[in-house]
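[1] This is a predicted model, with the sequence first.
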Amino acid sequence: MESPTPTLDRVAGPADLKALSDAELGLLAIELRQETIETVSRTGGHLGSSLGVVELTVAIHAVFNTPLDKLIWDVGHQCYPHKIITGRRDRMGTLRQKDGLSGFTKRSESDYDPFGAAHSSTSISAALGFAVGREMGMAVGDTIAVIGDGAITAGMAYEAMNHAGHLKERLFVILNDNDMSIAPPVGAMSAYLNGIADKGPLAALKAAAEGFEAALPGPVRDGARRARALVTGMPGGGTLFEEFGFSYIGPIDGHDMGQLLATLRAAKMRASGPVLIHCVTVKGKGYAPAEGADDKYHGVAKFDVATGVQVKGKSNAPSYTQVFGETLTAEAARDPRIVAITAAMPGGTGLDIMAARFPARVFDVGIAEQHGVTFAAGLAASGMRPFCAIYSSFLQRGYDQIVHDVALQKLPVRFAIDRAGLVGQDGATHAGAFDIGFLANLPNFTVMAAGDEAELVHMMATAAAHDEGPIAFRYPRGEGAGVELPARGARLEIGRGR
Ligand SMILES: Cc1ncc(C[n+]2csc(CCOP(=O)(O)OP(=O)(O)O)c2C)c(N)n1
């Protein structure tokens with residue numbers, strides 16, 4: 001029987017893409033999307049994000065010379081198509097399993113993963129490090145960071161752009177703008193990107209193409225003029241990215257292979273400094289159940305390809321997350337000073353339950369754990385009773401804020417630490433392994449760990465009433481022990497555990 005993936009079968013690695021015509025690269029993307037869907041249907045994983053970058057993955061590997069050129073995926077949760085065409089196709093069945101392929105990029109796994117990730121918003125900093133290494137004689141070609149509109153809400157991305165604009169090294173940042181984080185993205189940046197994207201990719205591409213044409217035959221011009229030649233001609237001049245010192249190209253249609261190849265080739269030929277290429281994509285692209293779902297199948301269990309129906313294990317007890325969400329909503333109903341903070345994880349933390357009842361008292365700050373912690377400290381200093389709900393491993397991002405803004409000032413921020421302990425398939429980067437170590441050594445801090453979901457309810461009542469200083473309660477991923485829940489939590493004696 002003829003293989004349904006004839007083009008993909010010819011690709012053992014990115015070097016094979018160089019032999020394919022542009023039309024064949026388009027066919028490859030179609031087959032790669034299908035392969036990604038089928039693979040993830042058998043393992044579960046981050047499907048929606050991977051489907052959104054299929055064309056981008058093919059185009060980057062076709063135009064650039066990985067692994068000498070360094071391709072750095074932000075978060076790394078969208079790298080499944082990248083894994084399939086970088087020599088890991090036959091191991092995709094082991095994805096996210098013990099001793100199998102990681103669900104993220106990982107240096108020890110492949111030369112094509114030059115920088116590991118899983119926590120967001122590190123890619124531009126890392127890519128800039130590689131670019132400077134190249135300028136200092138290291139064996140590095142071009143450096144390309146691919147970052148989502150969710151990940152670019154984090155301060156670290158701006159710290160990196162600020163530095164890149166200053167250093168002026170050649171560097172490509174591809175903004176993968178699908179107007180989704182895990183939940184819909186929040187904030188002024190999201191509105192700003194929508195404003196740019198609404199101007200229409202075709203008009204912008206035309207302007208870009210004209211800019212390229214005008215620029216190509218000309219003599220090499222000074223940096224500022226070269227930057228202008230790459231720019232799309234946004235009305236009113238520069239975008240925010242240009243203010244940072246980047247050349248801006250876009251918005252382009254990130255599913256149109258022709259636009260992608262033309263833009264990347266032109267950028268590769270022309271760029272001398274940092275360039276930002278703004279791609280508009282659709283999360284879950286090309287798979288109807290994903291495109292139609294609220295979460296765009298950000299993370300899925302195993303599923304049936306024909307229907308998209310996921311195979312979920314039967315649970316006997318409510319999850320700790322659910323108990324947290326419902327208990328906080330009940331506490332908030334009793335105490336108007338209770339507010340809650342999430343860093344882009346309203347569903348994952350269970351704060352969506354409270355947000356449904358008290359939308360004005362739940363704050364999604366974007367992927368900005370550091371800001372979230374200090375924002376909570378400010379709320380506590382004002383007399384409010386903030387619950388800062390951040391997964392154990394992501395709380396690491398806000399550590400100096402915990403020390404400097406919360407603990408040293410003895411401010412009563414309540415830290416709700418979900419995903420404490422081992423988490424399974426997401427692996428080491430997501431394991432909540434360090435919170436006891438990094439919190440219990442701080443002055444003025446109370447740290448609690450719930451042994452079951454009833455204890456979680458009591459710990460939350462304890463935390464709500466605790467105005468003497470910071471207090472944290474940690475609880476694991478997944479379902480509780482199945483114990484009976486108290487109608488209302490009782491305040492526990494601090495310093496006494498079991
Ligand atoms: C520091 C940190 N906080 C939270 C997360 C959880 N997280 C994983 S992916 C994601 C959303 C990323 O959105 P975006 O960058 O737009 O990529 P998309 O999934 O839309 O392709 C979040 C919040 C994380 N990985 N790292």
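    Thanks, I have the structure now. Numbering: from 1, shown residues only.

[2] Is the ligand within reach of stretch 25-45?
    No - counting by C-beta under 6 Å from any ligand atom, no contacts exist between stretch 25-45 and the ligand, the nearest distance being 12.2 Å. In short, each C-beta sits where N, CA and C put it, glycine included.

[3] Looking at that stretch now, give me its mean pLDDT.
    For stretch 25-45, the mean pLDDT works out to 98.

[4] Now find how far off-centre it is within its chain.
    Distance, stretch centre to chain centre, for stretch 25-45: 21 Å (C-alpha atoms, centre = their mean, to the nearest Å).

[5] again, but for stretch 274-289
    Taking mean C-alpha positions (C-alpha atoms, centre = their mean), stretch 274-289 and its chain are 14 Å apart.

[6] First-to-last residue distance for that stretch?
    Stretch 274-289 has an end-to-end distance of 37 Å (C-alpha to C-alpha, to the nearest Å).

[7] Could you tell me how many residues sit around residue 155?
    15 (other C-beta atoms under 10 Å).

[8] show me the residues around it that make contact.
    Contact analysis of residue 155 by C-beta atoms under 8 Å, 6 or more residues apart in numbering lists 121, 368, 370, 371.

[9] quick check, nearest of these to residue 145?
    Of all those, residue 145 sits closest to residue 121, with 10.2 Å by C-beta to C-beta.

[10] per-residue pLDDT, the closest one?
    pLDDT for residue 121: 98.

[11] Repeat that for residue 200.
    56.

[12] With residue 52 instead?
    As predicted, residue 52 sits at a pLDDT of 98.

[13] Please report how far it lies from the ligand.
    Distance of residue 52 to the ligand, computed by C-beta to the nearest ligand atom, to the nearest Å: 6 Å.

[14] So that residue is in contact with residue 285, correct?
    Yes - the criterion here is C-beta atoms under 8 Å, and residue 52 meets it with residue 285 at 5.3 Å.

[15] Between those two, which is the more surrounded one?
    The neighbour comparison of residue 52 against residue 285 (other C-beta under 10 Å) goes to residue 52, with 29 against 20.

[16] give the contact list for the more buried one.
    Residue 52 sits next to 78, 176, 178, 254, 281, 282, 283, 284, 285 when contact means C-beta under 8 Å, 6+ apart.

[17] let's see it at 7 Å
    Contacts were defined as C-beta atoms under 7 Å, 6 or more residues apart in numbering; by that measure residue 52 touches 78, 176, 178, 281, 282, 283, 284, 285.

[18] contacts with the ligand among those residues, please.
    Restricting the contacts of residue 52 to those touching the ligand (C-beta under 6 Å from any ligand atom) yields 78, 176, 178, 283.

[19] closest to residue 258 among the residues you listed?
    Closest to residue 258, out of all of the ones next to the ligand among the contacts of residue 52 and judged by C-beta to C-beta, is residue 176, at 18.1 Å.

[20] where's the closest residue to residue 103 other than its chain neighbours relative to the ligand, distance?
    Sequence neighbours aside, residue 96 is the residue nearest to residue 103 in space, at 4.4 Å (criterion: C-beta to C-beta, 6 or more residues apart in numbering). Distance, residue 96 to the ligand, by C-beta to the nearest ligand atom: 14 Å.

[21] so which strand or helix has residue 96?
    Assigned by DSSP states H and E, residue 96 belongs to no helix or strand.

[22] Surely it and residue 425 touch.
    Yes - using C-beta atoms under 7 Å, residue 96 is in contact with residue 425, at 4.0 Å.

[23] Next, the closest residue to residue 424 other than its chain neighbours: phi, psi?
    Counting by C-beta to C-beta, 6+ apart, residue 424 lies nearest to residue 477, which is 7.1 Å off, once chain neighbours are set aside. Here is the backbone geometry of residue 477 (degrees, to the nearest 10): phi -70, psi 150.
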